[in-house]
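Peer 1: Fold the stuff below for me.
(2 chains)
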Amino acid sequence: AQRVTQPEKLLSVFKGAPVELKCNYSYSGSPELFWYVQYSRQRLQLLLRHISRESIKGFTADLNKGETSFHLKKPFAQEEDSAMYYCAPTGGGNKLTFGTGTQLKVEL
Amino acid sequence: DGGITQSPKYLFRKEGQNVTLSCEQNLNHDAMYWYRQDPGQGLRLIYYSQIVNDFQKGDIAEGYSVSREKKESFPLTVTSAQKNPTAFYLCASSISPPGEQYFGPGTRLTVT
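Peer 2: Presented below is the predicted three-dimensional model:
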């Protein structure tokens, strides 16, 4: 079964500082990977998926198959980035496995 | 927000009673999902359905049941066999599995 590790429960950074939210997965095949985000009082929503190779709200995520990682990065954190972030790879069937999430807090 | 709705927002039940949570979508999505969200544990998949009249168990299906009689609807029943039913329940849908999933607002169930 797919396992996902998001090692940080809480990540606190200052506004303007770089952000890296870590995600490691266990599936050895070719999973599809997603990052979902939940802002305060809003629904969980897709932030980005690796196959699209897009930058959404300044965030990017690179799939490193050798390290089985899919870390989420942003060069300059903004206050509005404060939210809960979930990494979610596929693997082992037509379903996603969500990590335990990282709460990002951007301080002024 | 539209698209996928869950009702009610809050639900209270006595231990030993079955309870059904509603999930409806008007996105014409084939796939629907039920997750349970507990503090510190992320989202765990309970059941999912890839097409009408078909569904599969997720990682924590024990004590739950579902039906998928219509494309738009995927109700979840929390039975008395579920040992720790108090939780936040999220429903989602996607065009096809696993795809980009669209989430409902959730139902917070409290069983006492």
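Peer 1: which stretches of the chain aren't confidently modelled?
Peer 2: Looking at chain A here, since you left the chain open. Within chain A, the segments meeting pLDDT under 70 span A:1, A:28, A:91-93.
Peer 1: hmm, I had chain B in mind actually
Peer 2: Per-residue confidence of chain B (counting by pLDDT under 70) places the weak regions at B:1-2.
Peer 1: What residues sit buried inside stretch B:43-63?
Peer 2: When neighbours are counted by 16 or more other Cβ atoms under 10 Å in any protein chain shown, the buried residues of stretch B:43-63 are found to be B:43-50, B:55, B:58, B:60-61. Every residue, glycine included, has its C-beta placed from N, CA and C.
Peer 1: With stretch A:52-68 instead?
Peer 2: A:59-61, A:63, A:68.
Peer 1: With secondary structure added, can I get the residues you listed in CSV?
Peer 2: CSV is the format used below for the buried residues of stretch A:52-68 (DSSP: H, G, I helix; E, B strand; the rest coil):
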residue, secondary structure
A:F59, strand
A:T60, strand
A:A61, strand
A:L63, strand
A:T68, coil
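Peer 1: so which of those comes closest to chain B?
Peer 2: Closest to chain B out of those is A:A61 (14.7 Å), distances taken as Cβ to the nearest Cβ.
Peer 1: Can you name the residue of chain A nearest chain B?
Peer 2: Residue of chain A nearest chain B, by Cβ to the nearest Cβ: A:N94 (3.5 Å).
Peer 1: give the contact list for that residue.
Peer 2: B:31, B:48, B:50, B:97-98 (Cβ atoms under 8 Å, 6 or more residues apart in numbering or on different chains).
Peer 1: and the residue nearest to A:L10 when sequence neighbours are not counted, what helix or strand is that in?
Peer 2: Counting by Cβ to Cβ, 6 or more residues apart in numbering or on different chains, A:Q103 is the residue found nearest to A:L10 once chain neighbours are left out, at 4.8 Å. Secondary structure here is read from DSSP states H and E; on that basis A:Q103 sits in strand A:102-107.
Peer 1: And for A:L48?
Peer 2: Element membership of A:L48 [criterion: DSSP H and E] is strand A:45-49.
Peer 1: So what are the sheet partners of that strand and their directions?
Peer 2: Paired strands of strand A:45-49, with direction, are strand A:33-38 (antiparallel) (DSSP bridges).
Peer 1: thinking again about what came up before, so which of the contacts of A:N94 reach chain A?
Peer 2: Counting by Cβ under 8 Å from any Cβ of the partner chain, B:31, B:48, B:50, B:97-98 from those sit close to chain A.
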